[in-house]
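Enquirer: got a predicted structure here, sequence first:
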Amino acid sequence: MKYKKIIVSSMSILAFVLAQRAFADAGDWQIGVRAIDVVPVAGSSPITGINGNVTSISSEVAPELDINYYFTNHLSSELILATTRNSVEATGTVAGNVNLGSVGVLPPTVTLLYHFFPDHLITPYAGAGINYTHFYNASSGNVASAIYYSDSFGPALQAGFDVNLNKNWALNVDVKKIFMSSNVTATVGGEQVTTHVNINPMIYGAGVRYRF
């Protein structure tokens, strides 16, 4: 009898949770906040004049804001906003390891997402889009100075899932691949050097979202 009560109670709780599941409709807006871990996959062309390559760009944790608009219950567009400040280092140069200082990275990204099973408790999604990356406030390293990073456009891939808590609130887990690069110039030992740097970070995030 005791086990029957437990089973009945568990089924009642599950039924209540399922009854509260969210349905995304055309015209809905959804705003979310995530904590993200930005993990660059660094590489570059040889650095003119001093050889070597950019091989180290620091991983950073930061907040992220996302805004979704639903065209249908399956299809939405997401605007993703976040910024980090990353340290950069070149290795294998004639001067050894060269600290290239740090730079602010602002890559606003727009993706088109397809939401599988939008009327389920757990709603996975996947999509792709484009980012524009703006580099700002570059600081000098201990050897390099007058460092400049050019802005870039690149594709973006995104996948994740929402856990719908009720009509409005959802938990979110998300992963993105952002393709970004920059033509970098700097002054090292009185000479100007250049390289093309690929950053291409993986971005892992988790947070909450509110639909209205």
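Expert: Sure, I can see it.

Enquirer: got the CA coordinates for stretch 163-170 in PDB?
Expert: Output of stretch 163-170 as PDB, limited to C-alpha atoms (Å, rounded to 0.1, in the frame of the first residue of the first chain):
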ATOM      1  CA  VAL A 163      13.900  22.800 -20.000                       C
ATOM      2  CA  ASN A 164      10.500  24.400 -19.700                       C
ATOM      3  CA  LEU A 165       9.600  25.000 -16.100                       C
ATOM      4  CA  ASN A 166       6.200  26.600 -16.700                       C
ATOM      5  CA  LYS A 167       4.500  28.900 -19.300                       C
ATOM      6  CA  ASN A 168       7.100  31.600 -19.000                       C
ATOM      7  CA  TRP A 169      10.400  30.300 -17.500                       C
ATOM      8  CA  ALA A 170      12.900  27.800 -18.800                       C
END
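
Enquirer: give the rounded mean pLDDT of that stretch.
Expert: The pLDDT scores in stretch 163-170 average 92.

Enquirer: what comes up buried for it?
Expert: For stretch 163-170, the buried set under the neighbour-count rule, 16 or more other CB atoms under 10 Å, comprises 163, 164, 165, 170. Where you see a C-beta, it was placed from the backbone N, CA and C, and this is true even at glycine.

Enquirer: what sits against the first one?
Expert: Meaning residue 163. For residue 163, the contact set (CB atoms under 8 Å, 6 or more residues apart in numbering) comprises 121, 122, 170, 171, 172.

Enquirer: wait, the first one touches residue 162, no?
Expert: No. Taking CB atoms under 8 Å as the contact criterion, residue 121 and residue 162 are not neighbours in contact, 9.3 Å apart.
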